[in-house]
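[1] dropping the sequence and predicted coords here.
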Amino acid sequence: MPLVEIQDLKVSFSQYGGEIHAVRGISFSVNEGESLGIVGESGSGKSVSCSALLRLLPATAKVSAKSITLDGVDVLKANKEDLARLRGRSAAMIFQDPMTAFDPVFTIGHQIAETIQSHRKVSKREALAEAEQLLLRVEIKNAKDILTYYPHQLSGGMLQRAMIAMALSCRPKVLIADEPTTALDVTIQAQILQLIKKVQAEFGMALIMITHDLGVIAETVDRVLVMYNGEVMEQGPVQQIFDAPQHAYTRTLLASLQTTFEPSRGDGSAAPALELRGLAKAYRIKRRSGFFTSYGDFHAVRPVDITLPRNSIVGLVGESGSGKTTTGMMAMRLTEPSSGQILVDGVDITSLTPDQLKSHRRSMQIVFQDSYSALDPMMTLTQIIAEPLHIHGIGTTREQTEKALGWLERVGLPRSFGNRYAHELSGGQRQRVAIARALILGPKVLVADEPTSALDVTVKAQIIGLLKELQAEMGLSILFISHDLSTVKSLTDSVVVMYRGRVVEQAPTSAIFADPQHPYTRALLDAIPASNPRDKRERTFLAAADLEAQTPRYTVIQTGLAPNATPQLVTIAPNHRVEAIVTT
Amino acid sequence: MTVELAPVAPPAHRQRNPLWFAWQRFIGNKAAIVAGGILLLLILMAIFAPLITPANPDAQSFLAEALAFPSAQHWFGVDNLGRDFYTRVVYGARVSLTIGFTAALFSVLIGIPLGALAGYFGGKTDWFIMRVIELFSVVPPLLAAMLLGALTRGGYFTILLIAALFGWVQVCLLVRAQVKALREKEFVRAAQALGASPWYIIRRHLIPNSISSIIVGFVLAIPLAMMLEASLSFLGIGVPPPTPTWGQMINEGIDFMFFYWHLAVFPTAALAITVLATTLFGDGLRDALDPTLKGR
């Protein structure tokens, strides 16, 4: 008898008189020790089905099924005690955002011990000792200290580890991971996935991995369930799904993994579209010790030089906190730089006043990550797209509307959408509107700040395609900020890698992916999830100190620079620069 | 990607802006609907007062029947000076409601720009405006109003001024909080990247998006102003007689309360009902327009 069995599950939500069918009759089962992946885009009903399994849905949801059994218990008929036993002991869940999954006012140790105590009769001390053991199992080194920490003192990756420890505390038979790595950086994602595989094997649990990322599926599971619009499209062994997908939707999903574009015809002769010279940002931080306050500088971005040639796409990659977004914001003069120069089209705009800057703003625009907050909820799409024309006073109201509708079509939305409001659109459609607004003035430079990181795979591929198409049509230069290396690989012409506020390597895309020089670049590239289950591999991860130790070394003869103990950017091939220590 | 996907049934689409959803939440709130109905009735009564009661509120037409109890002829009885009490209560609504609404309007007119400025610019501007607000919050409104009222000998406009002076603080705080949250949104950033001036952003993005706070601030300022007017009139430094106001009538009614109950009860009930209706209506609006505040 399988551990989890769901037959003909239907879930619907009623809202304003209408009914939304989130899940339309799905069936699946999971055996002991098996790992099942559920893949699908947002709104396909994958999380809802698993919440139904643990009866975690809100009261507004209508759930019906022929049978839902978990560990031999009929979930639909279970009473309170049964449910309490099921949640935790039979199945435990890991959530997407570890920051919100922990209670911010209790220590990690308290929260894990509380979970243990609610399921077993043990003393507080024993529970804490066990929590420490669990933290060690999830590869947290200073477990004893971490027990006394509050959630905000830990990084996202550490919190996700603690979350896993908490899920393990009751020895569940099945672990449900709901997009466990979506909120994390690539390098951390690879570590967490490997950890989940490891504990699954150690504890002999079954695993249900819910994700929209096929790479995660390829890395972790044996069997896959492809969901679309509340229905199961296809299921089968992971290798078969990747090699011989039966359903059209699965093929679309897989195709979005392997998109490639023509490299743009960079125009090296003229002045670069955007040039950042020694641009740096330091924040002043106040430290108080007793009666004295001292001020220190936090260097978000150390002096960086980035050149964005005309008609080309430069990728800016790095983990969160590496200063890539700050650099993009400074390039747009939305954040004031502490030092350095910004040249747009050869003109220094660093010290222009807002009035002087206004005319230059027409040639530089930005697209943001979060398409939800990027559009004013009180305005119609036409008003949103026409806003740049309105601000710069171009044309009559009628012409503005006409032009906005034209752009609506150009980004692939029907003209009839013009009177709609932003909340009626999906994430991808919203991002299209944001792109239309950024491009309506015909800028030369576009900063795209993670424009696709909040989108589903298929939609992501479409948005990237749209950006590339418009770039080629308009001769745009794009600074593409992203932590998604597979997108960067297919889209960009050259790549700048940032690490802790410094540029550690910059090179043409092909060179950097073929022959990465800096250890951090190598770590980043190694962490990209496999695009086929055949390619999955054990990874070794480097700590920050190891990265420092492995900084490349070049001699004076190789570089022609004076020896220096602090790392500096060294040109090792045409257009390929890497941070290295120059020795004698 | 040209692969046909399983057709998704397109949901029936009508253009629904965010206020439509607020309206849906509002009509789900029974108390607010009833309160809104009562308020509407009161407003209509005040506007069409001469049509409902042919008697003159100031003329002492029924001196012979002075202090008569309620009857079919005089619904609320007759007061000590021989005036139809029902007429006076109805006309009193005019004073209360106009003072309530006008003061609320002035509160909003002062509160919006100051709140938006403080929220958007932050820093020194915010500091200065917040200190002004603190100044107004530490002084008890009634005490200050009494002082001002005594200095200027009361009167309609003084009361308006005083009510507005103490009503804008709430509106300002509401707008400031809303603007502060909105300022970090990316659509504001996008407008900045387009070269929009701060005034443009405040006018086109921040104020339309704070409209719910503004409506709530407006409606909640009404009962405060009405109470202030009634208190001042009760103390005899409000609107001078013979203009009928509820506060004044309650004051006079107290003298006769143990013998002629109707002189105190009717204006008090009128005031209580109006204030209650406005407050309930305002609460309903707040819940509808800002679902995150619900349950506070």
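    Good, I have the coordinates.
[2] any weak-confidence spans in the chain?
    Went with chain A since none was named. By pLDDT under 70, the low-scoring segments of chain A are A:15-17, A:263-270.
[3] should've been chain B
    Checking chain B against pLDDT under 70 turns up B:1-18, B:63, B:154, B:290-296.
[4] hmm, who's touching stretch A:122-142?
    By Cβ atoms under 8 Å, 6 or more residues apart in numbering or on different chains, the list of residues contacting stretch A:122-142 from outside reads A:108-109, A:112-114, A:116-117, A:143-144, A:146-147, A:158, A:161-162, A:164-166, A:168-169, A:195, A:199, A:202. Where you see a C-beta, it was placed from the backbone N, CA and C, and this is true even at glycine.
[5] quick check: ChimeraX command selecting the buried ones in those.
    Per 16 or more other Cβ atoms under 10 Å in any protein chain shown, the buried members of those correspond to this ChimeraX selection:
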select /A:108,109,112,113,114,116,117,143,146,147,158,161,162,164,165,166,168,169,195,199
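[6] now, the contacts of stretch A:122-142 that are in helices?
    Among the contacts of stretch A:122-142, the members falling in helices (DSSP state H) are A:108-109, A:112-114, A:116-117, A:143-144, A:146-147, A:158, A:161-162, A:164-166, A:168, A:195, A:199, A:202.
[7] tell me what residue A:224 is bridged to.
    In this entry, residue A:224 is beta-bridged to residue A:37, residue A:236, by DSSP bridges.
[8] in the stretch 1-150 of chain B, which spans are helices?
    Ranges of helices within the stretch 1-150 of chain B are B:18-27, B:30-47, B:49-52, B:85-121, B:123-138, B:141-152, based on DSSP state H, counting those that start in this stretch.
[9] what's the helix or strand for the most centrally placed residue in chain B?
    Centroid-nearest residue in chain B: residue B:222, 1.6 Å away (criterion: Cα atoms, centre = their mean). Assigned by DSSP states H and E, residue B:222 belongs to helix B:211-235.
[10] wait, does that helix contact chain A?
    Yes. Judged by Cβ under 8 Å from any Cβ of the partner chain, helix B:211-235 comes into contact with chain A through residue B:211.
[11] what's the angle from whatever helix or strand comes next after that helix to helix B:85-121?
    Scanning forward in sequence from helix B:211-235 by DSSP H and E, the next helix or strand is helix B:246-255. Between helix B:246-255 and helix B:85-121, the angle comes out at 130 degrees (axes from the mean of the first three to the mean of the last three Cα atoms, to 10 degrees).
[12] so who does the most centrally placed residue in chain A touch?
    Chain A has residue A:453 as the residue nearest its centroid, 4.9 Å off, counting by Cα atoms, centre = their mean. Going by Cβ under 8 Å, 6+ apart, residue A:453 touches A:369, A:482, A:483, A:484.
[13] report the secondary structure state of it.
    Secondary structure state of residue A:453, per DSSP: H, G, I helix; E, B strand; the rest coil, is coil.
[14] got the phi/psi numbers for it?
    phi -70, psi -20 (degrees, to the nearest 10).
[15] distance of it relative to residue A:182?
    Residue A:453 is 9 Å from residue A:182, where distance means Cβ to Cβ, to the nearest Å.
[16] kindly report the same for residue A:262.
    From residue A:262 over to residue A:182 (counting by Cβ to Cβ), the distance is 30 Å.
[17] what comes into contact with the helix or strand containing residue A:386?
    Here residue A:386 sits within helix A:381-392, counting by DSSP H and E. Residues from elsewhere that reach helix A:381-392 (Cβ under 8 Å, 6+ apart): A:358, A:362, A:375-376, A:379, A:395, A:399-401, A:403-405, A:407-408, A:413, A:417-422, A:425, A:433, A:436-437, A:440-441, B:187, B:191, B:194-196, B:200, B:204.
[18] one more time with 6 Å
    With contacts defined as Cβ atoms under 6 Å, 6 or more residues apart in numbering or on different chains, helix A:381-392 is touched by A:375, A:400-401, A:404, A:407, A:417-418, A:420, A:433, A:436-437, A:440-441, B:194, B:196.
[19] same deal with stretch A:497-511?
    Contacts with stretch A:497-511, where a contact means Cβ under 6 Å, 6+ apart, come from A:299-302, A:304, A:317-318, A:322-324, A:492, A:494-496, A:518, A:520-521, A:575-579.
[20] in helices only, show me those residues.
    Using DSSP H, those in helices are A:324, A:520, A:521.
[21] dump these into a markdown table; add distance to residue A:560 and neighbour count as well.
    Below are the ones in helices among the contacts of stretch A:497-511 laid out as a markdown table (distance: Cβ to Cβ, whole Å; neighbours: other Cβ atoms under 10 Å in any protein chain shown):
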| residue | distance to residue A:560 | neighbour count |
| --- | --- | --- |
| A:324 | 30 | 27 |
| A:520 | 25 | 26 |
| A:521 | 23 | 25 |
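[22] out of those residues, who's nearest residue B:43?
    Residue B:43 has its nearest neighbour among the ones in helices among the contacts of stretch A:497-511 in residue A:324, at 57.7 Å by Cβ to Cβ.
[23] tell me how far that closest one lies from residue A:525.
    17 Å.
[24] likewise residue B:280?
    For residue B:280, the distance to residue A:525 - Cβ to Cβ - is 63 Å.
[25] repeat that for residue A:12.
    Distance from residue A:12 to residue A:525, by Cβ to Cβ: 44 Å.
[26] now swap in residue A:157 and tell me
    Separation of residue A:157 from residue A:525 (Cβ to Cβ): 19 Å.
[27] of the two, which one has the most company?
    residue A:157 (20 against 17; other Cβ atoms under 10 Å in any protein chain shown).
[28] count of neighbours near residue A:57?
    17.
[29] number of nearby residues for the residue lying closest to residue B:83 once chain neighbours are set aside?
    Excluding its sequence neighbours, the residue lying closest to residue B:83 (Cβ to Cβ, 6 or more residues apart in numbering or on different chains) is residue B:60, at 5.9 Å. Per other Cβ under 10 Å, the neighbour tally for residue B:60 reads 14.
[30] quick revisit: tell me the most buried of the helices of the stretch 1-150 of chain B?
    helix B:85-121 (a mean of 22; mean count of other Cβ atoms under 10 Å in any protein chain shown).
[31] quick one: work out the angle between that helix and helix B:30-47.
    Using the same axes, to 10 degrees: helix B:85-121 against helix B:30-47 is 120 degrees.
[32] is helix B:85-121 up against chain A anywhere?
    No. Against chain A, helix B:85-121 shows no contacts by Cβ under 6 Å from any Cβ of the partner chain, the least distance being 13.5 Å.
[33] ditto for stretch B:197-209
    Yes. Counting by Cβ under 6 Å from any Cβ, chain A is contacted by stretch B:197-209 at B:205, B:208, B:209.
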